[in-house]
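Q: below: sequence and its predicted model.
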Amino acid sequence: MKRDPIVLLVVAVVISLMLVFGIQKTRHRPQHSGEKLEGQPAPDFSLSALDGKTLKLSDFHGKAVLLNFWATWCEPCKVEMPWFVDLQAKYRPQGLQVLGVAMDDASPKEISEFAKKMGVNYPIVIGKEAVGDEYGGIPYLPSTFYISRDGKVLERRFGLVSRSEIEADIQKALATPGQVAQK
C-alpha cells in the first residue's frame, strides 16, 4: 500500500506543531503554585454570577468558603455537587459558603439550567483561566479549595474525594478563628 507523501508531510507538520505548543504550555507556570497557597491569603477575584451580579471572593470574608472549580461535562463534578448542596444547607448556619466556579465553554444559560437541574443552592460564577492560574492552575476538575474565615487557603483537593473528606475539610475551615459574616 503506497502512502501519499503530501498527507504524510501534513501529518508530520501537525504532530510537530502539537509537540512545540505542548512543550510551550508545560513551560508556562502560574504565578502561584498550589503548595505555596496553603496558609496564604486566597487570591481575590471578581467574576460574574449566573444572576448577572458580580461576586468577589472577599465578599465572603468571615465565612469558611468551599471554592469549587467544576464544569458541566465533568462526571466527578456531577457526583459531588449534590453533596455540596446538602453540606451548604447543613453548615450554612455555622458560616459555610460554597462557591462554584464554572470552568467550561458552556453559555451562562446552559450553566444556569445545569445548576437548576442539580438543585444547586449556592452561587455559581463564570470562571476565567486567569483566576485558575492564580490558584496554581487547575490541572483537574473538580478542584476544590477550602478557605478559612480569615481568607487563607487551608486545603486543596484535585479530583473527586469522598463526602466524608469534604465534610472534614469543611469542619476544619469552620473551626478557624474569625467572625461569621452575615449575608
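A: Structure received.
Q: helix, strand or coil for residue 62?
A: Here residue 62 is recorded as coil under DSSP: H, G, I helix; E, B strand; the rest coil.
Q: I'd say it and residue 174 touch.
A: No - when contacts are counted by CB atoms under 8 Å, residue 62 is not listed as touching residue 174 (11.8 Å). Glycine gets a C-beta too; all of them are placed from N, C-alpha and C.
Q: shared neighbours of the two, which are they?
A: Counting by CB atoms under 8 Å, 6 or more residues apart in numbering, the common neighbours of residue 62 and residue 174 are 95, 149.
Q: so where's the protein uncertain?
A: Per-residue confidence of the chain (counting by pLDDT under 70) places the weak regions at 1-3, 17, 19-35, 178-183.
Q: let's check: the centremost residue of it is which one?
A: Within the chain, one residue has its C-alpha closest to the average C-alpha position: by CA atoms, centre = their mean, that is residue 69, at 1.5 Å.
Q: a strand runs through that one, doesn't it?
A: Yes - under three-state DSSP, residue 69 falls within a strand.
Q: what sits against it?
A: 101, 103, 127, 132, 135, 138, 141-144.
Q: from residue 9, how far out is it?
A: 40 Å (CB to CB, to the nearest Å).
Q: is it true that residue 159 touches residue 140?
A: Yes - here residue 159 reaches residue 140: they are 5.0 Å apart, a contact under CB under 8 Å.
Q: still on that earlier bit, partner residues bridging the residue nearest to the centre of the chain?
A: Counting by DSSP bridges, residue 69 is bridged to residue 101, residue 143.
Q: helix, strand, or coil at the residue nearest to residue 37 when sequence neighbours are not counted?
A: Taking CB to CB, 6 or more residues apart in numbering as the measure, residue 37 lies nearest to residue 153, with 4.5 Å between them; neighbours along the chain are not counted. Under the three-state scheme (three-state DSSP), residue 153 adopts strand.
Q: tally of neighbours for residue 153?
A: With neighbours defined by other CB atoms under 10 Å, the count for residue 153 comes to 24.
Q: please apply the same query to residue 74.
A: For residue 74, the neighbour count with other CB under 10 Å is 19.
Q: please apply the same query to the one 10 residues further on.
A: Taking other CB under 10 Å as the neighbour definition, residue 84 ends up with a count of 26.
Q: so which elements touch the helix or strand hosting it?
A: For residue 84, the enclosing helix or strand under DSSP states H and E is helix 75-91. Packing partners of helix 75-91 (3 or more CB pairs under 8 Å, 6 or more residues apart in numbering; DSSP states H and E): strand 64-70, strand 96-102, helix 163-174.
Q: next, format the ones you listed as a markdown table and append distance to residue 119.
A: Written out in a markdown table, the entries for the helices and strands packed on helix 75-91 read as follows (distance: least, CB to CB, whole Å):
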| stretch | distance to residue 119 |
| --- | --- |
| strand 64-70 | 15 |
| strand 96-102 | 13 |
| helix 163-174 | 16 |
